[in-house]
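Trainee: Build me a model:
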Amino acid sequence: MSVLRPLLVLFLIAIPSLGATFGTVVAHAQPLADLALDEARKRLYVVNTASNQVEVYTTSTSPPRLSATIRTDATPLAITMSRSGKSLYVACYGASALDVIDLTSATFSARSVTLGASPEGVAVGFNEKVLISTIGTGTGQQVLTTFDPAADAAHALQVIVIAPGAPSAPALPPPGGVMALASHARLQASPDGRTIVGVHELTATRTAFVFDVNSSTVLASRTVPAISPVLAVSPDGSRFLTGPMLFETSSMLVLAQQSTINSPFVFPATATFNTQTVQGGAVYAQTAAGLTLITAYNIVPVANPAAKSNTAQLLFNTPDNLLIQLGVQLPENLGGKMVVSSDSSTIYAISQSGFMVLPIGTLPQSPLALPDSYVALLAFDQCGVTAAQNSAVIPVRNAGSRTLIATVQVLTTTATSTTVRVTNRPYGGDVTAQFNAAAARTIGTAAPDQLLIQSPEAVNIVPTVRVFQNNRNSESRGTIIPMDIGATNTGLTDMLADAARQRLYIANPGLNRIEVFDMQKQQLLAPISVGQLPQSMAFGNDGNTLYVANSGGETISIVDLTQGAAVGRVNYPPIPFNASFAVITPLVMASSQRGPQVLMSDGTLWKIVANTLVPRALNTNVFGTVRTVPGPQTMASTPEGAFVLLLSGTGIAFLYDSSIDDFVSARQVIPTPIAGYYGPIAAGPNGQYFLTGDQVLNQALTSVGSGSGAGGGGGSPTPAVSRPVAAVAAVGAQSFARFSMPLRASAAVAPTDAGLIEVVDLATQRTTATANALEGPLAVVTGTARVNINGRTMALDPSGATAYMLTASGLSVIPLSAATAAQSAPQLAGTPATNSANFTTGMAPGGLISIFGKNLAAAAGAPGTPLPAILGGTCVTLNNAPIPLLATSGSQINAQLPFTLAAGRYPLVVRSTANQDASPSVTVTVAKYAPAIFFDAQGPAILHKDGTRVNKAHPASRDEPLTIYATGLGTTTGGKVTTGSPSPSNPLAVTAPVQLFFGNPLIRDAAVIVDWSGLAPNLIGVYQINCRIPGTHLKGDALPVTVRIGGVSNPTTGPTAAVVYVD
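Mentor: Next up, the predicted model:
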């Protein structure tokens, strides 16, 4: 619903609070059965069944005031006004009479017309004839009767011979004390009076029918499950709502059904619209958004703290597909009947305590809180490439009037839930969602959080904001485009690629539309509104038509792709008079050269011929005696439409051949018990191959392989047949693509990757291109469980360079790289990492290390401190966390280990953020202590007091102070140290006690006095040992130097082992 947005400040605080309600309750001691609005006289007539009277309220006052009462015959249940406004007709069940009240009389004079059966409903047509619905006589006659007030008594009543079944007798006392639920018949005329729509209720079903006033004929009727007191007819009479079902008047097809899937805010998990007692009423009204179908339901809005148990909801829906655009909170439950003024400014509705006045024309004058966006994607990676996406700000604005206060909280908190806060802004307020570090403990996207935004002043139910948190590798390629799907988890259900237009069409059931993505511009275009809950699509053979199966109703939309709009619907077979069957909706479609093939929700097969849906006669040689295909089913066609593959829910595949317009074969292609993802399906050009999950089939539906690849480059996981396949796509005649997920024994086991995309050569079954996904599909497979998934959720662009998948948060766009590209990925040496002092494998927390290999990084040096995590286009992670880098080149990287790192074995990966590739993971060992003396071309870093090297030409003397520079001496005490920053100078950072030996440590005179050891001030990762050679120390050349800390000594052999000369 569009409303004005005045420039008002929206003050936001962080204290949860309930929302305001809309409407005024006019109390009435006894429950009311019906009401009628007399706008000319500014009156509202209400039926008080218990007191056998109609009460007159003046609507010129606020609230309306009781001005008169009119006695009636026994048990009045329904009323309606004449078209002229001169008479009020009252159906009096207890007296089997129709009371005619003269509204022009000051005393409301009345007369009683005796009927042949007890009436429950009444309506007036354009010719002033009154249609009366009764329980019928004992022989089922006189169910419908007309009364002509202009005729003489002998001819005034006429029985409609062909009529629907009679309604059951009224429930008295009424269910739950709601008198409006007592009657089991409803009649309502279209605004022009030419059509009257009726509903007759039985125990568990109701019959809806259409009465033509001019001919006094029932044109159509249909019986559907469940009973309902609600009836609303559209202004043009073309549609009507009974209960939660929207019908087309001319065909009696169900166009849509009220659904929580179409809601922008959450409903209670147990919410249902089919229960009679929750249905509060419905009317059509003109709003700022145009014609709107307004429905009311006695369902308590989700709130924290909980709302009152009798709080109800007023829903503003699109009139053609019941997309909920706005929800308003009502102060109490409604009773199933409401009327609206001709200018759509005011609704009057029977309610729990009497009746309610809802001035919807002034709704924009109330505070209305609306977020700018209903979906947000947060991203995190090891090295901070996505730092700008670590949080998201969702502005919340007052779309109404006055001011409001709002709060925000996560609806269901988990260990990985995003943290949220509210901040005041000049334009209103911001809801900020921050990435939770706990969500970075596993790769991919965590279960989404739904943000519950509330306001004590706002009368609307604030739309839910869905927040996704995606953790990815820093070198990851591609992007995720988050999609708004409403407040439920239905997700996106189907995707078709239009190679000619370079576009993707994506079915979005939550918003009743087709999303359009431009593959050239890499952006979403204007969506296409279709019927309710679009589930599947198929191209027409003219290159310009897209058919859309709307699973919420009995409709298939016809979309003109040039116009980018729905231009019509597929014609359905006529529904027989008095038909009685459940709603059958289109479920799965696929294109063919003979037109789209359609599978319905009851498992029957149909086809579209000349925009008309006709049933298929199943080939008994293929299907046997079976007339329905067990679900869940998926279906895909070859690109040119020669063949269609249908996969049933039992693992049997059926092949359709367009050349003979029939299914020609069937085979069990997936053995039972079925495990993993079930449903992915695709077909290659001219039926050269077919794909069902990880199976590759030929035209005989025989498996010819499962496409085990040779392995991807860089950090790609090694593909394996056993990986569950979540999506497949045809890529020309010689190759296909698949999207697989890692095996997980249980939900407690973290995934090893976010998914692998592979292009596989059909002939060799080897991988020719790969990419790592950023997130997995909507559903997760663990262990040997079976998870049903939509069939067509993957496509490649015409060049085969980019993969598109429907994933957890929306549309993933992933560039593919050839398998040979692994040669340019970072490659680690056989001994990938050493300390930077003497290049041996001993490494300790806080120490400097060197990493060796090929294609590691561009040449660069750290520009300053603190040291960066990314340098030379590369980041290095240890245990999935970045370490600070000092210098990089193609063959070597120098870095510092974190002081906080515990001893252990850790995975190390070099991640090229510039080239978006990574090395394979290697395991390195970090010890608590790993002392190593720096060594270069001049020898070990042992210095005289004047800074010169100790060497053979300049040996050390006894009692001379010396300085030794080393690394790997572990954690320190004293001054605070920060990894990647210079060591402190005051106070100094001191190591644990160090022992030093020049010569064999077993010789007593080899010991050297250590005056101090710690981190060298203002340096990074470099330790300093201040020492003196005692007077009794032994002399010698090339004495091995031993540094011992915590019982661990440095290596004393090898080309970089330190030696010292003592004179």
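Trainee: Tell me where the stretch 251-400 of the chain has strands.
Mentor: Here the stretch 251-400 of the chain has its strands, by DSSP state E, counting those that start in this stretch, at 254-257, 279-287, 290-297, 312-317, 324-330, 334-340, 347-351, 354-358, 369-371, 375-381, 391-398.
Trainee: List the contacts of the fifth one.
Mentor: Put plainly, it is strand 324-330. The list of residues contacting strand 324-330 from outside it, by Cβ atoms under 8 Å, 6 or more residues apart in numbering, reads 1, 19-23, 262-265, 280, 289, 292, 296, 301, 307, 311-318, 356, 358, 363, 368, 459-461. C-beta here means a position set from N, CA and C on the backbone, and glycine is covered the same way.
Trainee: Which residue ranges make up the domains of this protein?
Mentor: 31-227, 257-363, 369-475, 494-821, 825-926, 932-1062 (automatic domain parsing).
Trainee: Give me the distance from the third one to the chain's centre.
Mentor: So that's domain 369-475. 14 Å (Cα atoms, centre = their mean, to the nearest Å).
Trainee: What is the end-to-end distance of it?
Mentor: 40 Å (Cα to Cα, to the nearest Å).
Trainee: Just the buried subset of the contacts of strand 324-330, please.
Mentor: In the contacts of strand 324-330, burial by neighbour count holds for 1, 19-23, 262-265, 280, 292, 296, 301, 307, 311-318, 356, 358, 363, 368, 459-461, counting by 16 or more other Cβ atoms under 10 Å.
Trainee: Could I get the strands of the stretch 251-400 of the chain in JSON lines, plus columns for distance to residue 655 and mean pLDDT?
Mentor: What follows is the strands of the stretch 251-400 of the chain, written out as JSON lines (distance: least, Cβ to Cβ, whole Å; pLDDT from 0 to 100):
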{"stretch": "strand 254-257", "distance to residue 655": "32", "mean pLDDT": "98"}
{"stretch": "strand 279-287", "distance to residue 655": "46", "mean pLDDT": "97"}
{"stretch": "strand 290-297", "distance to residue 655": "43", "mean pLDDT": "98"}
{"stretch": "strand 312-317", "distance to residue 655": "42", "mean pLDDT": "98"}
{"stretch": "strand 324-330", "distance to residue 655": "41", "mean pLDDT": "98"}
{"stretch": "strand 334-340", "distance to residue 655": "51", "mean pLDDT": "97"}
{"stretch": "strand 347-351", "distance to residue 655": "55", "mean pLDDT": "98"}
{"stretch": "strand 354-358", "distance to residue 655": "57", "mean pLDDT": "98"}
{"stretch": "strand 369-371", "distance to residue 655": "48", "mean pLDDT": "96"}
{"stretch": "strand 375-381", "distance to residue 655": "39", "mean pLDDT": "98"}
{"stretch": "strand 391-398", "distance to residue 655": "47", "mean pLDDT": "96"}
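Trainee: got the ones you listed as CSV, with distance to residue 1062 columns?
Mentor: Shown next, in CSV, are these (distance: least, Cβ to Cβ, whole Å):
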stretch, distance to residue 1062
strand 254-257, 94
strand 279-287, 96
strand 290-297, 93
strand 312-317, 90
strand 324-330, 87
strand 334-340, 99
strand 347-351, 101
strand 354-358, 99
strand 369-371, 76
strand 375-381, 52
strand 391-398, 60
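Trainee: And those: which comes nearest residue 901?
Mentor: strand 375-381 (19.8 Å; Cβ to Cβ).
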